[in-house]
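Colleague: What follows is a protein structure lacking sequence information:
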């Protein structure tokens, strides 16, 4: 088994008296897709925020390839290889679809501080951005303003921004939320594609059990900020606590 | 070539292109097309304010930073030239040293303000800049041994730039004087500074600023250190404003709190940005031109209108030149009401 690419050690965050994430220790390995499940308010998104750095941890550590990154800010963690697609669409609304992706390509390549070149003359950045739009099937909307885009396309762009980062860790937070039945296969196909790369570590917060069943190599269950189950999908889904508390209702929903 | 100079970001609207071209030609030929010292004053003021407003738009329209300290940077450039002239004597070297020194101080001040306060929320940043602006204005009027206080300072500039210097050359019946050479110094420097700003906002750096304005949270999450980008934008904007201030001082051969540091000037800058259109460097051209023209000629125009309507009741009173500020206010309200995205935003949306 490869060594962990991402690890949280006793990661904890307190908001006043409320412990939102409670001493969660968990390791993720390349080539593995881990689904993170749990009821609303279980701390899934908060845990993600602690890993990508939006919220500082009260205690505990985040390790990337064995290096402690707990002290790094959001931008530094991103550059170190943590990629995140947000649950609520989080884009640059007044800019074009292509510009959104190009900005991320530019960030990764460290071209942000060139002040006197014309952005439009950086064909290399544009070409790479176009390639990524092609992958998420947004090429035909490349020059549209993002705020005019339908919800499903915004979700695709959300994923495109993460692809443009070429991260080591891919964190998806309910990537198909609010998408129609015809639209979600594009996203799910992309996740499957990413998963096929043996170097990619994928974390997926998801409610839809059919999605988890087809994609997950492993399931981690959070409840009230605590990690309560961790294992192969069959085992976790079969365990009583999960069956009763979380899966039962979700499966009926699907 | 034109594309290169304009950084691929032309006016992008036929009407706007015509307007901008007219303004450019008018400013480029002002000394001969509109002879007379008053029109030359207005032309120089327009050129300088275009740069000043464009530099402010880099902060406000592109980076989304609300600052009220822009006059401080403008003033530092102007006082730099004045102090260098007072202590180093008359000469080109003193002008350059003053302009560069003032600009360096402005950039340093901007750096400190930015680092201290760009981490806080936008409203607090705006308040901090306001405090800095009034502190500097008070300081300048109190330190009269250094700055001349409320009286300001007269500036000695090389003789070649003064009206006393006359070339043996006439163009369209106008004798070329040092004043005209001074005007062209201002005009050329302003053109270069404007094109430079146009390039910066269309560079990869300018794109990052727009991204930060749109969504600072996500900009950070894709790997941009937002604080650093905002700081660089603030310093750059301050530097260009200081250079504009130096030009203004050289042109007026005088600097005082009223010409550079007054809060009225800050409000003028804000109005020019809003009227022209935020987030479009071209907006500065249109906004500054309209505003400065209105400031200088609205009274004349109203006098004419009042005379023409002298026979009517009430109307001539309303059009009395003393009421010019009222009408200026009405013009602004109308322009903001009808062009919420500024004149440039509106024209581009049509095309």
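Modeller: Received the coordinates, thanks. As the structure is a prediction and not an experimental result, all values here were calculated from the model.
Colleague: okay, CA-based contacts and neighbour counts for the rest of this
Modeller: Noted.
Colleague: neighbours of residue B:290, just the number please.
Modeller: Counted by other Cα atoms under 10 Å in any protein chain shown, the residues lying close to residue B:290 total 15.
Colleague: Identify the residue spatially nearest to the one residue in the stretch 51-200 of chain A that gets nearest to chain B, adjacent ones excluded.
Modeller: Minimum separation of the stretch 51-200 of chain A from chain B (Cα to the nearest Cα) falls at residue A:75, amounting to 4.0 Å. Nearest residue to residue A:75, sequence neighbours excluded (Cα to Cα, 6 or more residues apart in numbering or on different chains): residue B:223, at 4.0 Å.
Colleague: Check the secondary structure at residue A:93 for me.
Modeller: coil (DSSP: H, G, I helix; E, B strand; the rest coil).
Colleague: That one against residue A:147, yeah?
Modeller: Yes: the pair residue A:93 / residue A:147 is scored as a contact, 4.7 Å apart, by Cα atoms under 8 Å.
Colleague: on that earlier part again, pretty sure the residue of the stretch 51-200 of chain A closest to chain B sits in a helix.
Modeller: Yes: assessed by three-state DSSP, residue A:75 belongs to a helix.
Colleague: Could you identify the helix or strand that succeeds the longest helix belonging to chain A?
Modeller: Counting by DSSP state H, the longest helix found in chain A is helix A:151-165. Using DSSP states H and E, the helix or strand that follows helix A:151-165 towards the C-terminus is strand A:169-173.
Colleague: That next one and chain B in contact?
Modeller: No: judged by Cα under 8 Å from any Cα of the partner chain, strand A:169-173 makes no contact with chain B; its nearest approach is 12.2 Å.
Colleague: and that strand, what does it pack onto?
Modeller: strand A:82-85, strand A:201-205 (3 or more Cα pairs under 8 Å, 6 or more residues apart in numbering or on different chains; DSSP states H and E).
Colleague: Please identify the deepest-packed of the ones you listed.
Modeller: Stretch with highest mean neighbour count among the helices and strands packed on strand A:169-173: strand A:82-85 (a mean of 26; mean count of other Cα atoms under 10 Å in any protein chain shown).
Colleague: Can you tell me what sits against that one?
Modeller: Applying Cα atoms under 8 Å, 6 or more residues apart in numbering or on different chains, the contact partners of strand A:82-85 are A:52, A:158-159, A:161-162, A:165-173, A:175, B:221-222.
Colleague: Could you rerun that using 6 Å?
Modeller: With Cα atoms under 6 Å, 6 or more residues apart in numbering or on different chains as the test, strand A:82-85 has contacts from A:158, A:159, A:162, A:167, A:169, A:170, A:171, A:172.
Colleague: got it, and stretch B:308-319?
Modeller: B:302, B:306.
Colleague: Buried ones in it, by neighbour count?
Modeller: Neighbour-count burial for stretch B:308-319 flags B:316, B:319 (criterion: 16 or more other Cα atoms under 10 Å in any protein chain shown).
Colleague: ok, now stretch A:118-135?
Modeller: A:118, A:119, A:125, A:126, A:128, A:129, A:130, A:132, A:133.
Colleague: and residue B:294, which of the helices and strands packed on strand A:169-173 is closest to it?
Modeller: strand A:82-85 (50.5 Å; Cα to Cα).
Colleague: after the closest one, next one along is what?
Modeller: Taking DSSP H and E, what comes next after strand A:82-85 is helix A:97-108.
Colleague: could you give me the average pLDDT of that following helix?
Modeller: Computed over helix A:97-108, the mean pLDDT rounds to 96.
Colleague: Against which helices or strands is that helix packed?
Modeller: helix A:151-165 (3 or more Cα pairs under 6 Å, 6 or more residues apart in numbering or on different chains; DSSP states H and E).
Colleague: can you do 8 Å?
Modeller: Counting by 3+ Cα pairs under 8 Å, 6+ apart, helix A:97-108 packs on helix A:123-135, helix A:151-165, helix B:204-214.
Colleague: is it true that residue A:104 touches residue B:222?
Modeller: Yes: assessed by Cα under 8 Å, residue A:104 is found in contact with residue B:222 at 6.0 Å.
Colleague: For these two, list the residues in contact with both.
Modeller: Shared contacts of residue A:104 and residue B:222 (Cα under 8 Å, 6+ apart): A:161, A:165.
Colleague: Below-threshold pLDDT in the stretch 251-351 of chain B: ranges please.
Modeller: B:351 (pLDDT under 70).
Colleague: In it, mark out all the strands, start to finish.
Modeller: Shown for the stretch 251-351 of chain B, the strands assigned by DSSP state E, counting those that start in this stretch span residues B:254-255.
Colleague: Just list the residues touching the residue of it found nearest chain A, thanks.
Modeller: Nearest residue of the stretch 251-351 of chain B to chain A: residue B:279, at 11.4 Å (Cα to the nearest Cα). Contact analysis of residue B:279 by Cα under 8 Å, 6+ apart lists B:57, B:58, B:60, B:61, B:62.
Colleague: so which helix or strand takes in the first one?
Modeller: Using DSSP H and E, residue B:57 sits within helix B:37-57.
Colleague: Tell me how far that helix lies from the chain's centre.
Modeller: 6 Å (Cα atoms, centre = their mean, to the nearest Å).
Colleague: average pLDDT for that helix?
Modeller: On average, helix B:37-57 scores 96.
Colleague: What parts of the stretch 101-250 of chain A come near chain B?
Modeller: Close to chain B, as judged by Cα under 8 Å from any Cα, the stretch 101-250 of chain A has residues A:103-104, A:106-108, A:111-120, A:161, A:165.
Colleague: among those, which ones are buried?
Modeller: Buried members of these, counted by 16+ other Cα under 10 Å: A:103-104, A:106-108, A:111-113, A:115-119, A:161, A:165.
Colleague: For the residue of the stretch 251-351 of chain B closest to chain A, grab phi and psi.
Modeller: phi 70, psi 10 (degrees, to the nearest 10).
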